[in-house]
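Chemist: take a look and give me a structure for this.
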Amino acid sequence: MEEMTIKHLRPVEWAENISDIQNTAGNSTFKSVELVWTKPSPWTKDMRVPDFKTDEPFLYALIRNHGNSRTRDQIEYIGLTKSPLTRFGNHEVARSIVKKRGEVGFSYAVIDFVTGKNRIDRISRALEDIEHLLIWAVDGKLENQKKMRTLPGMGANGGNAWHIKNKGYRFSGRMPMEIVFPWMLIRPGRDRTQK
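Modeler: Predicted coordinates for the structure are as follows:
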């Protein structure tokens, strides 16, 4: 087990696998989603909008490369769009990133796991939840101005428990491979640091 980053706290062991954590009806407690990130395409200063090949809702990441291997694939922004065809024409933060020195890349992951009644409303909530978690989980400074340090469940609609697997493009290891939210940390009843 990896060392925790919060002193004296340890994770509760709920089950062998996340899929084994179920409610009383036998349904999985965590919503599972696989995000398959595309290889970043260049978003140059002369392009009004980035290249993408879908009109489905998606999450996206803007990365910058400065020509230094240590700072390769620096994630600068995490976002979402429910309507990609109209999202990027007037995106001030994205435009300011594109205007900076260095190469900017655009990668996205489509949300296609939600079906049935109220699909758009449910996709909207899923996008919001996952975007919040990605912003928390991606290491480094982001240019996001809204939704920083907000977790699912802090808004008006509440949130869900998520098991997110990031596949496809790896962002030089800067995107976590898996995110599990929420989890429980406890301080054991017997604290070894006390005498």
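Chemist: any weak-confidence spans in the chain?
Modeler: Applying pLDDT under 70 to the chain flags the ranges 1-5, 69, 112-121, 147-149, 154-158, 191-195.
Chemist: what do you get if the cut-off is 50, keeping everything else the same?
Modeler: 1-4 (pLDDT under 50).
Chemist: in it, which residue is closest to the centre?
Modeler: Note on the chain: the residue nearest the mean C-alpha position is Leu134, at 2.4 Å, using Cα atoms, centre = their mean.
Chemist: check the gap between Lys82 and Asp55 for me.
Modeler: As defined by Cβ to Cβ, to the nearest Å, Lys82 lies at a distance of 10 Å from Asp55. Every residue, glycine included, has its C-beta placed from N, CA and C.
Chemist: look at these two and report which has more neighbours.
Modeler: Neighbour totals were compared for Lys82 and Asp55, and Lys82 leads with 15 against 10 (other Cβ atoms under 10 Å).
Chemist: how many neighbours does the closest residue to that one other than its chain neighbours have?
Modeler: In this structure, Lys82 finds its nearest non-sequential neighbour in Pro57, 4.7 Å apart by Cβ to Cβ, 6 or more residues apart in numbering. Pro57 has 21 neighbouring residues, counting by other Cβ under 10 Å.
Chemist: repeat for Phe106
Modeler: Neighbour count of Phe106, defined by other Cβ under 10 Å: 23.
Chemist: is it fair to say Leu134 lies in a helix?
Modeler: Yes. According to DSSP: H, G, I helix; E, B strand; the rest coil, Leu134 belongs to a helix.
Chemist: residues contacting it?
Modeler: With contact set as Cβ atoms under 8 Å, 6 or more residues apart in numbering, Leu134 has these partners: Leu59, Ala61, Ile78, Ile164, Met175, Ile179.
Chemist: do Lys45 as well
Modeler: Val98, Lys99.
Chemist: Val36 in helix, strand or coil?
Modeler: Of the three states, Val36 takes strand according to three-state DSSP.
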